[in-house]
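Enquirer: Show me the folded form of this:
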Amino acid sequence: MAMRKLHWIWTLVLAIVLLPAVIACSPTKHVPDGKLLLDNVKINVKEKDAAVRGTDLVNYLRQTENHKVLGGLKLQLAIYNMSGRDSSNWFNRWIRRVGAAPVLYDSALTVASVSQLHTALKNKGYMNNEVGYRVVADSARKKARVDYDITLGEPYYISSIDYNIPDDTIRSIILKDTAEYPIKAGALLDRTKLDSWRQLITANLRNNGYYAFNKEYITFTADTAAGSHAVDITLNTKAPFHSERMPYYTSHKPFYVRNVTYVTSYDPVRMQDGYFGTDTISFNDITIMNDGDAYLRASVIDECNYIEPGQKYNAEDVDRTYKALGRLNIVKFINIDVRPVGEVDGKIWLDAYVLLSRDKSQSFSVSVEGTNSEGDLGFGVGLDYRHRNLLKGSEALNAKFRMSYESLSGDLSGLINNNYSEYAAEVGVNYPKFKFPLLKRDFKKKIQASTELATSFNYQERPEYTRIIAGAAWRYLWSERSQQQRHIFNLIDLNYVYLPESRSHFLDSISNPLLRYSYEDHFIMRMGYNWYRTNKRPTTLLSSSFQRNVYTLRAAVETAGNLLYGISNLIGQKRAENDAYKVFGIRYAQYFKGEIDYAITHNFDMRQSIAFHAGMGVAVPYGNTTVLPFEKRFYAGGANSVRGWGVRTLGPGSFNASKSQNSFIYQCGDIRLDLNLEYRAKLFWVIELGAFVDAGNIWTIREYEDQPGGVFKFNKFYEQIAMAYGVGLRLDFTYFLLRIDMGMKAHNPVSGQEHWPIFHPKFSRDSEFHFSVGYPF
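Expert: Predicted structure coming up:
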């Protein structure tokens with residue numbers, strides 16, 4: 001019944017998406033008489049082997065046709081054409097906002113596009129380019145087509161680069177980093193890259209003290225012989241412009257930091273009158289001014305400060321100070337005001353005012369929820385408390401408390417009845433710095449890491465047992481300046497499972513060692529490291545939001561039990577009856593686990609892309625453990641894996657899970673493989689389309705009696721790779737994305753089942769629906 005309901009929901013959703021294309025058969029429905037719909041625009045470049053393609057020039061057009069998806073379907077226009085002609089009708093107004101109005105041909109914009117293309121090509125080095133256009137108008141059909149015909153001509157290229165820089169210091173700084181500059185001899189004479197060169201040089205000089213230097217002080221002189229396309233470039237630096245603000249700045253000189261003043265209670269109105277605060281503290285050459293409430297310790301501010309008095313001005317130090325202060329939970333507003341103050345003894349000085357305002361120290365929230373799990377009614381209550389400045393060092397205390405109760409009914413293999421209650425607590429403290437004994441100040445400032453200390457406690461009461469799960473962790477988190485690389489290092493992570501009471505011979509009734517292990521007393525002490533890298537650029541004034549290729553790379557490694565095992569051997573501890581060491585009377589886990597995931601998205605344009613993902617993982621129990629802890633094993637299927645299967649319903653290998661309620665316990669493994677390919681297209685409004693192909697599975701490293709066919713074998717694993725295909729809809733609300741995917745099995749490796757359902761599809765057997773938040777990768 002549930003599957004049939006989902007089938008109808010999915011059919012309805014697809015009908016809503018495709019209906020406009022079916023019923024809106026006239027694309028010129030809302031084109032006024034005497035006007036033409038711009039039906040198609042094409043850019044033709046005569047030189048087929050040129051570095052410039054027509055698709056690279058689309059952004060320079062002042063007018064293009066309505067956006068196309070799925071190979072030519074103007075879906076947004078079709079949505080708009082669903083509206084009637086009565087603009088006062090609320091439905092018509094709404095449907096027009098969702099869709100896109102027809103683009104009407106405008107001859108003036110076509111002429112402007114020719115001018116834009118000509119200028120853009122000149123900037124790329126094609127000085128003698130020719131741009132023409134042809135308009136094919138069909139008045140009867142109310143449509144127009146525009147073709148832009150481009151002849152690039154022979155480009156101009158840079159033959160040599162020379163420098164005219166009178167100041168020897170500036171000259172040495174510029175010539176020191178020539179390898180990083182975008183201009184090289186032999187490259188096309190691209191004005192955009194020349195301007196990028198100016199920006200890079202300016203940034204480099206500002207990081208070496210030249211606070212007042214800007215790119216307008218850099219010019220280029222181009223020299224070429226008659227009839228030649230080889231250009232000799234000379235980079236020039238000009239003397240400073242006259243400034244009433246800095247009359248002493250008559251030649252390019254480095255600026256030095258005189259004073260650094262922190263105003264912790266910034267008030268723009270009172271500051272205009274020269275008021276900075278009532279209390280003044282001097283600490284390591286910086287001045288801290290408070291308004292009677294020193295809510296941050298001086299040492300904390302000092303560790304966040306990279307603007308050093310007496311040193312040359314460095315724009316990167318200002319950025320690092322911004323970033324360090326931004327990690328303080330108690331700070332709400334940050335502004336660094338740099339003010340030149342004049343020249344003394346041949347040096348130009350400036351003062352830096354770091355203006356801060358505080359956020360609320362504490363917050364508290366209460367949540368209440370009701371649950372209905374297949375007729376079992378329950379409720380839950382949650383309390384969340386947050387303190388943003390626990391010890392006046394912007395330490396964030398987070399405390400969460402949960403209580404839930406559920407009345408259970410039915411009979412699950414004789415294991416479940418009556419009721420279930422759970423009490424959980426999590427308490428953690430986040431320090432905005434690298435916390436470790438005997439660390440020097442310089443090291444803490446170099447590594448801008450946060451330190452997390454966390455504890456958790458969970459008490460579960462069921463008719464069959466009482467279970468306690470406790471944990472504690474100490475970890476470090478840090479990232480690079482651009483946020484393109486992030487690290488998490490778990491110095492120690494403890495997990496303890498204790499079953500103080502088992503009723504009705506609960507444990508004795510469990511024959512599966514995997515299921516039994518998850519309920520037995522066990523202890524995990526692990527250490528781990530997570531690494532993340534991407535080339536996605538942050539959107540700034542100097543960079544476009546469009547990026548052709550974006551990749552992400554994630555890697556994680558963890559190990560457990562090695563320290564305990566070494567101590568057990570060192571002290572000569574006796575093994576228990578199962579040939580294992582114990583700590584506090586509990587067998588501890590020992591294993592190694594590693595994972596790596598790579599994903600790349602190729603953006604065809606702002607609305608269409610294709611994404612590929614490959615991931616794998618291996619976990620090996622050894623030493624004190626023969627079976628990997630259940631919570632550390634891999635699983636396949638679900639919204640982020642092979643979407644033709646539900647979560648934890650695929651694998652390992654060709655294993656055919658039983659129909660018992662606990663079959664998911666068996667469907668886990670020690671090896672993971674995921675391969676995904678997905679096409680994404682923005683349709684209209686917030687709706688996106690996805691079409692995907694998935695492949696993957698999990699395997700065990702060892703043979704287990706309860707998982708026949710699940711072991712990894714090099715000569716068989718490729719036959720056991722499951723495959724699925726499907727489509728999905730996504731609702732992109734900018735800050736979050738909701739995803740609905742329907743996957744169909746294509747290749748099913750499960751023993752005793754149809755192996756190639758793609759050739760004999762059966763919707764009730766092969767389909768799976770997934771609802772999730774965010775992209776799968």
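
Enquirer: can we go C-alpha only for contacts and neighbour counts from here?
Expert: OK.

Enquirer: could you measure residue 197 against residue 215, distance?
Expert: 9 Å (C-alpha to C-alpha, to the nearest Å).

Enquirer: And those two? Which one has more around it.
Expert: More crowded of residue 197 and residue 215, by other C-alpha atoms under 10 Å: residue 197, with 19 against 16.

Enquirer: what residue of the chain is the furthest out?
Expert: Checked against the mean C-alpha position of the chain, the extreme residue using C-alpha atoms, centre = their mean is residue 226, at a distance of 52.3 Å.

Enquirer: Can you tell me the SS state at that residue?
Expert: coil (DSSP: H, G, I helix; E, B strand; the rest coil).

Enquirer: Phi first, then psi, for it.
Expert: phi -60, psi 130 (degrees, to the nearest 10).

Enquirer: got it, and residue 325?
Expert: phi -70, psi -30.

Enquirer: Where do the helices of the chain begin and end?
Expert: 2-23, 75-80, 90-98, 107-123, 168-176, 191-206, 268-272, 298-304, 315-326, 441-446, 513-519, 562-570, 663-666, 763-766 (DSSP state H).

Enquirer: Touching the fifth one from outside, list them.
Expert: The contact list for helix 168-176, computed with C-alpha atoms under 8 Å, 6 or more residues apart in numbering, reads 165, 201, 204, 205.

Enquirer: what mean pLDDT would you report for that helix?
Expert: If you average the pLDDT over helix 168-176, you get 92.

Enquirer: And for the third one?
Expert: For helix 90-98, the mean pLDDT works out to 88.

Enquirer: circling back to that earlier point, can you put the contacts of helix 168-176 in a markdown table and add pLDDT and distance to residue 425?
Expert: Compiled in a markdown table, the contacts of helix 168-176 are given as follows (pLDDT from 0 to 100; distance: C-alpha to C-alpha, whole Å):
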| residue | pLDDT | distance to residue 425 |
| --- | --- | --- |
| 165 | 94 | 66 |
| 201 | 94 | 54 |
| 204 | 94 | 50 |
| 205 | 96 | 53 |
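
Enquirer: Which of the residues you listed has the largest number of neighbours?
Expert: residue 201 (23 neighbours).

Enquirer: Now that residue. Nearest residue, chain neighbours left out?
Expert: residue 174 (6.5 Å; C-alpha to C-alpha, 6 or more residues apart in numbering).

Enquirer: What is the burial count for residue 220?
Expert: 16.

Enquirer: tell me the contacts of it?
Expert: Here residue 220 is in contact with 233, 234, 235, 236 (C-alpha under 8 Å, 6+ apart).

Enquirer: Among these, name the ones in strands.
Expert: 233, 234, 235, 236 (DSSP state E).

Enquirer: for the stretch 401-550 of the chain, what are the low-confidence residue spans?
Expert: 408-418, 481-482, 503-518, 538-545 (pLDDT under 70).

Enquirer: how about the strands of it, start to end?
Expert: In the stretch 401-550 of the chain, the strands defined using DSSP state E, counting those that start in this stretch lie at 419-431, 449-461, 465-479, 485-502, 522-534, 549-560.

Enquirer: Run through who's touching the longest one.
Expert: If you take C-alpha under 8 Å, 6+ apart as the criterion, strand 485-502 is touched by 464-480, 519-534.

Enquirer: Can you list the strands that it pairs with?
Expert: The strands that strand 485-502 pairs with in its sheet are strand 465-479 (antiparallel), strand 522-534 (antiparallel) (by DSSP bridges).

Enquirer: What of the first one?
Expert: Using DSSP bridges, strand 419-431 pairs in its sheet with strand 396-407 (antiparallel), strand 449-461 (antiparallel).

Enquirer: mind giving me JSON lines with these and columns for mean neighbour count and distance to residue 76?
Expert: Output for the strands paired with strand 419-431, formatted as JSON lines (neighbours: other C-alpha atoms under 10 Å; distance: least, C-alpha to C-alpha, whole Å):
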{"stretch": "strand 396-407", "mean neighbour count": "18", "distance to residue 76": "46"}
{"stretch": "strand 449-461", "mean neighbour count": "19", "distance to residue 76": "46"}
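
Enquirer: And these: which comes nearest residue 667?
Expert: strand 449-461 (24.3 Å; C-alpha to C-alpha).

Enquirer: any idea of the angle that closest one forms with helix 315-326?
Expert: 20 degrees (axes from the mean of the first three to the mean of the last three C-alpha atoms, to 10 degrees).

Enquirer: Can you pull out the residues in contact with strand 449-461?
Expert: 420-435, 466-479.

Enquirer: Could you export that strand as CSV, CA atoms only?
Expert: The C-alpha coordinates for strand 449-461 follow below in CSV (Å, rounded to 0.1, in the frame of the first residue of the first chain):
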residue,chain,number,x,y,z
ALA,A,449,42.8,25.3,15.4
SER,A,450,39.8,24.9,17.6
THR,A,451,39.8,22.3,20.4
GLU,A,452,36.7,20.3,21.2
LEU,A,453,36.1,18.3,24.4
ALA,A,454,32.9,16.3,24.4
THR,A,455,31.1,13.8,26.6
SER,A,456,27.9,11.9,26.1
PHE,A,457,25.7,9.5,28.1
ASN,A,458,22.8,7.5,26.9
TYR,A,459,20.6,5.3,29.1
GLN,A,460,18.1,2.9,27.4
GLU,A,461,15.4,0.9,29.1
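
Enquirer: Off-centre distance for it?
Expert: 25 Å (C-alpha atoms, centre = their mean, to the nearest Å).

Enquirer: Compare the contacts of residue 220 and tell me which is most surrounded.
Expert: That'd be residue 233 among the contacts of residue 220, by other C-alpha under 10 Å, with 20 neighbours.

Enquirer: quick one on the thing from earlier: can you add distance to residue 349 and give the helices of the chain back as JSON lines?
Expert: Output for those, formatted as JSON lines (distance: least, C-alpha to C-alpha, whole Å):
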{"stretch": "helix 2-23", "distance to residue 349": "64"}
{"stretch": "helix 75-80", "distance to residue 349": "58"}
{"stretch": "helix 90-98", "distance to residue 349": "55"}
{"stretch": "helix 107-123", "distance to residue 349": "40"}
{"stretch": "helix 168-176", "distance to residue 349": "18"}
{"stretch": "helix 191-206", "distance to residue 349": "14"}
{"stretch": "helix 268-272", "distance to residue 349": "22"}
{"stretch": "helix 298-304", "distance to residue 349": "21"}
{"stretch": "helix 315-326", "distance to residue 349": "15"}
{"stretch": "helix 441-446", "distance to residue 349": "25"}
{"stretch": "helix 513-519", "distance to residue 349": "66"}
{"stretch": "helix 562-570", "distance to residue 349": "55"}
{"stretch": "helix 663-666", "distance to residue 349": "69"}
{"stretch": "helix 763-766", "distance to residue 349": "73"}
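
Enquirer: Tell me which of these sits most buried.
Expert: Compared across those, helix 75-80 shows the largest average neighbour count, a mean of 26 (mean count of other C-alpha atoms under 10 Å).

Enquirer: Give the other helices and strands that that one contacts.
Expert: helix 2-23, helix 90-98, strand 671-684 (3 or more C-alpha pairs under 8 Å, 6 or more residues apart in numbering; DSSP states H and E).

Enquirer: Next one, pLDDT for the residue lying closest to residue 387 once chain neighbours are set aside please.
Expert: Excluding its sequence neighbours, the residue lying closest to residue 387 (C-alpha to C-alpha, 6+ apart) is residue 362, at 4.5 Å. Listed pLDDT for residue 362 reads 94.

Enquirer: Measure how buried residue 362 is and give me the count.
Expert: Counted with other C-alpha under 10 Å, residue 362 comes out at 14.

Enquirer: residue contacts, it?
Expert: Residue 362 neighbours (C-alpha under 8 Å, 6+ apart): 385, 386, 387, 388.

Enquirer: Distance check, it against residue 431.
Expert: From residue 362 to residue 431 the distance is 16 Å (C-alpha to C-alpha).

Enquirer: do the same with residue 70
Expert: From residue 70 to residue 431 the distance is 50 Å (C-alpha to C-alpha).

Enquirer: Show me which of these two is the more surrounded one.
Expert: When residue 70 and residue 431 are compared for neighbours, residue 431 comes out ahead with 24 against 12, by other C-alpha under 10 Å.
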